[in-house]
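Colleague: sharing a sequence plus its predicted fold:
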Amino acid sequence: MQDLATDPRLYVLHPQSIEMTASDQVGLQSLSAFDRDRFFRFGWGPMQAPRFSTILEGFSFYAALQPDATAVEHQGASISYDALDKASDRLAHLLAEQGVKRGQVVGLYLQRSIEMVVGILAAMKVGAAYAPQHVGVAPKEGLKYISEKTGAKVLLTLSRLQQDVPVDPDHQVLICIDAVMNDTSRAAVAPQGAEYQLQPDDRAMVLFTSGTTGVPNGVQVTHKNLCNILQTRPGNLGMRPGLRVGQILSIAFDMAAWETLGALSNGATLVIRGKSIAEVAGQVDILIGTPSILNTLDIEGCQNIKVAAVAGEPCPRPLADAWSQFCTFYNSCGPTETTIINTAEPHCAHKADLTIGRPTPNNTVYVLDENLSPLPIGEKGTMWAGGDCVTAGYLANPDLTDERYRPDPFRPGQMMFNTRDLGSWTDDGELLHHGRVDDLVKICGFRVELDGVSTALEASDGCEQAVTLKYDDRNLVSFISPATADTVQATRSVEAQLPYYHKPSLVMALDELPRTPRGKIDKRLLLEMAKAEIETRGVELR
């Protein structure tokens with residue numbers, strides 16, 4: 001098997017991972033000398049300099065190196081690196097004429113297309129960040145809220161979508177990218193001057209959370225953040241000229257930046273999907289998605305894939321085992337606030353555990369208790385992420401930023417972020433994911449890890465994916481797929497592995513678990529389905 005992304009265990013350890021002076025060991029006194037040593041060896045990712053300091057620098061390098069190479073394909077159309085460079089220059093020139101410059105935000109309100117990529121690069125060429133939203137998925141009120149929150153004076157869209165984009169005519173300009181990039185009368189020259197020149201700490205994009213738990217929050221992601229994951233191994237997934245990378249995710253989802261910006265800043269060809277994910281999956285070398293998306297694909301049609309990576313939600317062990325048989329398969333983890341992912345590791349079916357890997361380069365992961373003190377190796381706690389992955393906080397929300405971003409006590413002068421994920425270290429320095437802090441619930445007064453119940457369900461024959469939710473203070477409900485999976489056998493699998501209070505009161509088998517527009521399991525819809533099933537069938541609850 002060809003491993004395009006070199007094994008991260010071969011890297012040189014970060015110098016800080018060796019030891020801290022006694023005066024610096026705040027909170028470490030409770031650890032044994034052995035665990036103190038492992039705290040640093042396990043928690044510090046390798047030191048590795050990104051190849052480029054900004055995403056635009058990476059794209060420009062490859063546009064000059066291979067001008068005739070195909071940069072992007074979409075539904076039969078394609079554009080070369082040189083043509084993409086010139087088209088984004090034209091649009092950047094117009095953005096500058098509209099007063100857009102370094103430090104500002106441009107709203108990118110459209111759908112998957114070649115024009116989408118032109119808009120991203122044009123924003124960067126004037127030093128601005130882009131705020132992506134998927135028109136047709138995001139409600140109009142949501143688009144209006146985001147443009148107000150970012151202060152975007154220019155919104156970019158497609159001609160066929162302009163009626164769906166809310167615009168304040170007194171304060172905003174709407175530009176249709178397709179009209180500009182086809183206007184050859186415009187000079188293909190990017191604006192010059194200090195007011196447009198990108199710096200590594202400048203924002204590259206502002207990504208808004210889905211808002212399922214409240215008001216969407218804008219996460220400010222810098223070029224330094226992005227280059228740290230996309231321009232180092234293993235985050236670059238071996239992307240290089242001559243390879244094809246699938247673009248299957250919603251443009252508003254942070255993992256879409258992994259696909260899009262990863263491909264363009266490493267010289268690969270980005271293959272954007274239409275309606276069919278499977279069609280693109282059968283044409284590319286590298287595929288990134290959520291486990292729920294990959295679970296919908298026929299593996300026989302994906303044998304061309306050399307590297308695959310999943311993140312965004314727990315990965316079922318059967319999925320990881322199956323994909324690792326024919327490609328290098330990464331199970332990874334990281335919230336938007338830590339720049340797409342901050343842990344990764346290739347999975348092999350013979351491994352005892354399915355882990356989320358190790359800290360990626362120039363990053364750290366700490367497993368801490370509620371007092372922010374390190375826990376002994378093997379104990380469960382909250383994962384805090386530090387290093388170059390930590391983003392620049394929430395847009396216009398200093399209180400939430402102060403709550404979730406904290407000064408790093410183990411690396412003075414740096415910040416760390418509360419991922420709100422539960423984790424523990426294995427004895428060989430990989431991280432086990434135990435679900436979200438929110439997924440540690442109480443049932444009948446007992447603490448239950450919802451992901452633990454789902455894992456037990458997935459251990460039954462025929463069950464490829466499972467999700468478990470809290471229905472009320474006394475009952476759990478679970479969903480398994482495919483529909484042919486045996487719900488009785490799956491329930492018995494839970495009873496055989498876990499205490500009685502982990503047993504779901506309802507297990508439903510579905511053809512596929514429903515997904516949100518971002519490709520994650522739609523838990524809200526599942527709870528509605530459970531309620532309807534319980535009321536219709538008169539399911540006996542505890």
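Modeller: Done, it's in.

Colleague: domains in the protein, by residue range?
Modeller: Following the assignment in automatic domain parsing, the chain carries domains at 8-50+334-434, 81-221, 444-537.

Colleague: would you indicate which residues of the helix or strand containing Ser493 are buried?
Modeller: Ser493 belongs to helix 487-497 when assigned by DSSP states H and E. Residues Thr487, Ala490, Thr491, Ser493, Val494 are the ones in helix 487-497 that count as buried (16 or more other Cβ atoms under 10 Å). Any C-beta I mention is one placed from the backbone N, CA and C, and that applies to glycine too.

Colleague: isn't the fourth one up against Ser454?
Modeller: If I follow you right, that is Ser493. No - the criterion here is Cβ atoms under 8 Å, and Ser493 misses it with Ser454 at 10.9 Å.

Colleague: next structured bit after the lengthiest strand in the chain?
Modeller: Assignment by DSSP state E gives strand 415-425 as the longest strand of the chain. Scanning forward in sequence from strand 415-425 by DSSP H and E, the next helix or strand is strand 431-436.

Colleague: now do that next one: which elements does it pack against?
Modeller: strand 415-425, helix 450-458 (3 or more Cβ pairs under 8 Å, 6 or more residues apart in numbering; DSSP states H and E).

Colleague: which positions in the helix or strand that the last one is followed by come out as buried?
Modeller: Stepping forward along the backbone from helix 450-458, the first helix or strand reached (DSSP H and E) is strand 465-472. Neighbour counts using 16+ other Cβ under 10 Å place Gln465, Ala466, Val467, Thr468, Leu469, Lys470, Tyr471 of strand 465-472 among the buried residues.

Colleague: quick check, pLDDT for the fourth one.
Modeller: So that's Thr468. pLDDT for Thr468: 96.

Colleague: could you check how far it is from Thr382?
Modeller: 21 Å (Cβ to Cβ, to the nearest Å).

Colleague: next: the first one.
Modeller: Gln465 sits at a distance of 26 Å from Thr382 (criterion: Cβ to Cβ).

Colleague: and the last one, by the same measure?
Modeller: With distances defined as Cβ to Cβ, the gap from Tyr471 to Thr382 amounts to 25 Å.

Colleague: do the same with the second one
Modeller: Here the criterion is Cβ to Cβ. By it, Ala466 lies 24 Å from Thr382.

Colleague: go on, the third one?
Modeller: Taking Cβ to Cβ as the criterion, Val467 is separated from Thr382 by 22 Å.

Colleague: which residue ranges of the stretch 251-400 of the chain form strands?
Modeller: Ranges of strands within the stretch 251-400 of the chain are 269-272, 286-289, 307-310, 328-331, 343-344, 358-359, 363-368, 381-387, based on DSSP state E, counting those that start in this stretch.

Colleague: starting from the longest one, tell me which strands it pairs with and how they run.
Modeller: Strand 381-387 has these partner strands in its sheet, going by DSSP bridges: strand 363-368 (antiparallel), strand 415-425 (antiparallel).

Colleague: tell me the helix or strand right after the longest helix anywhere in the chain.
Modeller: For the chain, the longest helix by residue count, based on DSSP state H, is helix 81-97. Counting by DSSP H and E, the next helix or strand C-terminal to helix 81-97 is strand 105-110.

Colleague: starting at the chain centroid, how far to that following strand?
Modeller: Chain-centre distance of strand 105-110: 19 Å, with Cα atoms, centre = their mean, to the nearest Å.

Colleague: show the average pLDDT along the next helix or strand after that strand.
Modeller: Using DSSP H and E, the helix or strand that follows strand 105-110 in sequence is helix 114-125. Over the span of helix 114-125, the pLDDT mean works out to 98.

Colleague: helix 114-125 vs strand 105-110, what angle?
Modeller: With axes from the mean of the first three to the mean of the last three Cα atoms, to 10 degrees applied, the angle from helix 114-125 to strand 105-110 works out at 180 degrees.

Colleague: just the CA trace of helix 114-125, in CSV.
Modeller: What follows is helix 114-125, C-alpha atoms only, in CSV (Å, rounded to 0.1, in the frame of the first residue of the first chain):
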residue,chain,number,x,y,z
ILE,A,114,-15.1,26.8,-10.0
GLU,A,115,-16.2,30.3,-9.2
MET,A,116,-16.1,29.4,-5.5
VAL,A,117,-12.4,28.9,-5.8
VAL,A,118,-11.9,32.1,-7.7
GLY,A,119,-13.7,34.0,-5.0
ILE,A,120,-11.5,32.5,-2.2
LEU,A,121,-8.3,33.4,-4.0
ALA,A,122,-9.5,36.9,-4.9
ALA,A,123,-10.3,37.7,-1.3
MET,A,124,-6.8,36.5,-0.3
LYS,A,125,-5.2,38.6,-3.0
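
Colleague: what's the angle between the next helix or strand after it and strand 105-110?
Modeller: Once the chain leaves helix 114-125, the next helix or strand it forms, by DSSP H and E, is strand 129-134. Calculated by the same axes, to 10 degrees, strand 129-134 forms an angle of 20 degrees with strand 105-110.
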